[in-house]
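A.B. asks: let's see this in three dimensions:
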Amino acid sequence: MSPPTSHRCRALPVLAAALAALLCGLAPPAAADGPAGWTARPAGGSGQDARPYVYLEGAPGTVLQDRLAVTNSGRTPLTVRLRGDGRAGAWIRFAEDTVSVPARTRAEVPLAVTVPPDTVPGSASGAAVAVGGGEEIRVPVRVRTVGPTLAALSVEDVEISGGSIRYTLVNRGNAMLRPRLAVRAEGVFGTLLDRPERPLPLELAPGRKAERTEPWPDAPALDAVTVRLRVTASGGVRDEAETSATYIPVAPAVGAGLLVLGGLAAIASGAYRRRRTGRAAPQPPPDTGSSARSQPRERTGPAAEPGGRAKEESPAEPGCTAKEEGPVGSGRTAKEEGPVGSGRTAVAERPVDTEPLLKAGAKT
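C.D. replies: Alright, predicted model coming up:
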């Protein structure tokens with residue numbers, strides 16, 4: 001029987017091999033290694049000191065420098081094309097857009113990040129993209145723009161539409177904002193809506209705007225309403241806006257309008273009928289007889305003789321009757337008539353001689 005020490009000696013190499021295999025399994029694989037056997041990462045550092053992304057910081061208008069390392073661990077040369085992507089990636093310019101890397105060689109490509117002069121303070125992200133051997137590797141790029149922070153928020157384009165309130169929030173500063181909103185509505189007879197300030201599920205980036213809708217399911221059916229919105233954010237940001245609207249029921253309004261139109265139509269129709277009736281009324285024929293009677297007749301004849309009066313009229317018109325008076329005995333008067341036109345009578349009087357009568361009275 002073998003001594004126990006020999007068994008322990010044979011077991012030690014087995015345990016060591018198992019421990020080594022376990023440690024190899026726990027060890028992380030090489031970063032950014034593709035199936036083609038090449039990598040791309042920020043230059044500088046290795047192992048635990050390797051940088052996971054490109055980080056740069058500067059003021060607006062400055063140019064920031066860094067390098068990208070491309071390692072070809074394969075046995076054949078490798079051609080890699082480089083470009084930027086994302087907001088910060090659009091600011092990247094490489095010394096060479098296409099790089100040829102020999103086998104088992106590492107190449108470091110300089111890159112420059114130009115921060116636009118009008119960039120607001122804050123952070124921007126993007127990526128440096130390397131494409132080669134049918135594979136693509138993205139290296140994260142983060143740029144922080146330093147400078148004074150200005151927080152500014154405005155609420156605009158407020159309008160009431162049925163059972164909702166629409167508005168637009170605009171970030172006019174250079175800081176990220178998380179807005180808070182309060183809503184109040186006043187009617188003719190008092191407050192209709194009063195919602196206290198509450199945070200909105202929104203993070204508004206500098207220069208961005210967001211169109212939002214505030215529900216109002218119990219809006220009035222008949223009222224004149226004024227709605228006020230108040231927005232706030234960190235940094236003492238505050239703004240207010242208001243709008244007005246008049247609520248009128250649709251069915252009664254349409255009925256009243258039709259009633260008014262019907263009344264106006266009835267009035268216009270009556271006036272038109274009266275006007276037509278007045279135009280169509282018959283006119284009486286002209287009265288020629290009365291007009292002829294009203295004309296004055298001209299009188300002509302000799303002057304009256306002494307002691308009497310002579311009266312003579314103009315010759316009678318055709319169809320008229322002429323009358324003539326003359327002296328007759330015992331103070332009578334003789335009349336002569338003749339046919340005249342239109343049934344009229346012409347009368348001619350002669351003076352009566354009264355001298356014989358006077359003498360007879362004196363003798364008596």
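A.B. asks: list phi and psi for the spatially closest residue to Ala152 that is not a sequence neighbour.
C.D. replies: Distance criterion C-beta to C-beta, 6 or more residues apart in numbering; nearest residue to Ala152, sequence neighbours excluded, is Gly173 at 3.7 Å. Yep, even glycine has a C-beta here, placed from its N, CA and C like the rest. Dihedral angles of Gly173 (phi, psi; degrees, to the nearest 10) stand at phi -110, psi -160.
A.B. asks: ok, now which ones touch Gly173?
C.D. replies: Residues in contact with Gly173 (C-beta atoms under 8 Å, 6 or more residues apart in numbering) are 120, 149-153, 206, 237.
A.B. asks: for it, give me the pLDDT.
C.D. replies: With respect to pLDDT, Gly173 has a value of 87.
A.B. asks: for Tyr247, same thing?
C.D. replies: At Tyr247, pLDDT is 84.
A.B. asks: what about it, distance to Leu82?
C.D. replies: According to C-beta to C-beta, to the nearest Å, Tyr247 and Leu82 sit 62 Å apart.
A.B. asks: more neighbours, these two?
C.D. replies: Leu82 (22 against 14; other C-beta atoms under 10 Å).
A.B. asks: count the residues that sit near Leu64.
C.D. replies: 17.
A.B. asks: ok, now Thr168?
C.D. replies: Count around Thr168 with other C-beta under 10 Å applied: 15.
A.B. asks: isn't there a helix covering it?
C.D. replies: No - read with DSSP: H, G, I helix; E, B strand; the rest coil, Thr168 is strand and lies in no helix.
A.B. asks: which residues touch it?
C.D. replies: Going by C-beta under 8 Å, 6+ apart, the list of residues near Thr168 reads 155-157, 209-212.
A.B. asks: can we see that at 6 Å?
C.D. replies: 156-157, 209, 211 (C-beta atoms under 6 Å, 6 or more residues apart in numbering).
A.B. asks: Tyr53 too?
C.D. replies: 140, 142.
A.B. asks: 7 Å instead?
C.D. replies: Tyr53 makes contact with 42, 139-142, according to C-beta atoms under 7 Å, 6 or more residues apart in numbering.
A.B. asks: can I have the buried ones of these as a ChimeraX selection?
C.D. replies: The buried residues among the contacts of Tyr53 can be selected in ChimeraX (16 or more other C-beta atoms under 10 Å) with this line:
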select :42,139,140,141
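A.B. asks: dump the contacts of Tyr53 to JSON lines, plus secondary structure and distance to Ala185.
C.D. replies: As requested, those are exported to JSON lines (DSSP: H, G, I helix; E, B strand; the rest coil; distance: C-beta to C-beta, whole Å):
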{"residue": "Pro42", "secondary structure": "strand", "distance to Ala185": "56"}
{"residue": "Val139", "secondary structure": "strand", "distance to Ala185": "53"}
{"residue": "Pro140", "secondary structure": "strand", "distance to Ala185": "48"}
{"residue": "Val141", "secondary structure": "strand", "distance to Ala185": "48"}
{"residue": "Arg142", "secondary structure": "strand", "distance to Ala185": "45"}
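A.B. asks: Arg106: which of the contacts of Tyr53 is nearest?
C.D. replies: Pro42 (12.8 Å; C-beta to C-beta).
A.B. asks: quick check, that closest one in contact with Arg51.
C.D. replies: Yes - counting by C-beta atoms under 7 Å, Arg51 is a contact partner of Pro42 at 4.2 Å.
A.B. asks: tell me where the stretch 201-350 of the chain is predicted with low confidence.
C.D. replies: 250-260, 278-350 (pLDDT under 70).
A.B. asks: for this structure, which segments count as helices?
C.D. replies: 4-26, 86-89, 250-280, 288-293, 355-363 (DSSP state H).
A.B. asks: which parts of the second one are buried?
C.D. replies: Buried residues in helix 86-89, defined by neighbour count with 16+ other C-beta under 10 Å: 86, 88-89.
A.B. asks: list just the nearest of the residues you listed to Pro217.
C.D. replies: Gly86 (41.6 Å).
A.B. asks: residues near the closest residue to that closest one other than its chain neighbours, how many?
C.D. replies: The shortest distance from Gly86 to any residue other than its chain neighbours is 3.0 Å, reached at Gly126 (C-beta to C-beta, 6+ apart). By the criterion of other C-beta under 10 Å, Gly126 has 22 neighbours.
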